[in-house]
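In: just coords:
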């Protein structure tokens, strides 16, 4: 099946992504500021920003399989926007944790990163997403050449680390984290040949 996407369709998709990412964020923080979020607004903010970052990252990983299925390379043009919003939500998630949970106690932050595995893997995932966001421009792609693709293949590692961060942070109900793990496994399965080739290249290097 071939799906033809014109520039106006891509513009519309990007507009939907912008609105879908920004409006819930603004509304949720408005609820927090106006004391409408619940008994533990910090916990609600952490969950909302964290799960939204994961959702956006998973959606960005869906773009390539969908583009291949519907034979429309133009769809790839929305992947960068999704990836940048995934990074933005992950960064806000981390900032909420620093400002409201730890009250800017930097020594405690370092201690938490070192001592708590779920925070360690989450922090590493954020670092990976940060590097990918910084190098997501066309200029960086040209400058880095072949290294650019190798660098951005780390998205698979960051997704696994985020999944670990999520499931290790949950104390009781494991149903939702397991569903996310299944979704991630399916998305990675579509890229099994690519992931295998990455490991083969590293071994040969």
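Out: Cool, got the structure. Owing to the predicted nature of the structure, the values given are computational and were not obtained by experimental measurement.

In: make it CA atoms for all contacts and neighbour counts henceforth
Out: Fine.

In: quick check: buried residues in the lengthiest helix in the chain?
Out: Using DSSP state H, we find that the single longest helix of the chain is helix 41-69. Judged by neighbour count (16 or more other CA atoms under 10 Å), helix 41-69 contains these buried residues: 41-42, 45-46, 48-54, 56-64, 67.

In: now that helix: mean pLDDT?
Out: Regarding helix 41-69, the rounded mean pLDDT is 94.

In: and it, what does it pack onto?
Out: helix 7-33, helix 79-96, helix 155-169, helix 175-190 (3 or more CA pairs under 8 Å, 6 or more residues apart in numbering; DSSP states H and E).

In: switch the ones you listed over to CSV; also include mean neighbour count and mean pLDDT.
Out: Below are those laid out as CSV (neighbours: other CA atoms under 10 Å; pLDDT from 0 to 100):
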stretch, mean neighbour count, mean pLDDT
helix 7-33, 13, 95
helix 79-96, 21, 97
helix 155-169, 20, 95
helix 175-190, 15, 93
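
In: out of these, which is closest to residue 114?
Out: For the helices and strands packed on helix 41-69, the distance to residue 114 is smallest for helix 155-169, at 13.8 Å, taking CA to CA.

In: what's the angle between that closest one and helix 175-190?
Out: 160 degrees (axes from the mean of the first three to the mean of the last three CA atoms, to 10 degrees).

In: elements contacting helix 155-169?
Out: Using 3+ CA pairs under 8 Å, 6+ apart, the elements in contact with helix 155-169 are helix 41-69, helix 117-134, helix 175-190.

In: using a markdown table, please lay out the ones you listed together with distance to residue 101.
Out: Compiled in a markdown table, the helices and strands packed on helix 155-169 are given as follows (distance: least, CA to CA, whole Å):
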| stretch | distance to residue 101 |
| --- | --- |
| helix 41-69 | 7 |
| helix 117-134 | 13 |
| helix 175-190 | 22 |
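
In: I am finished for the moment; much appreciated.
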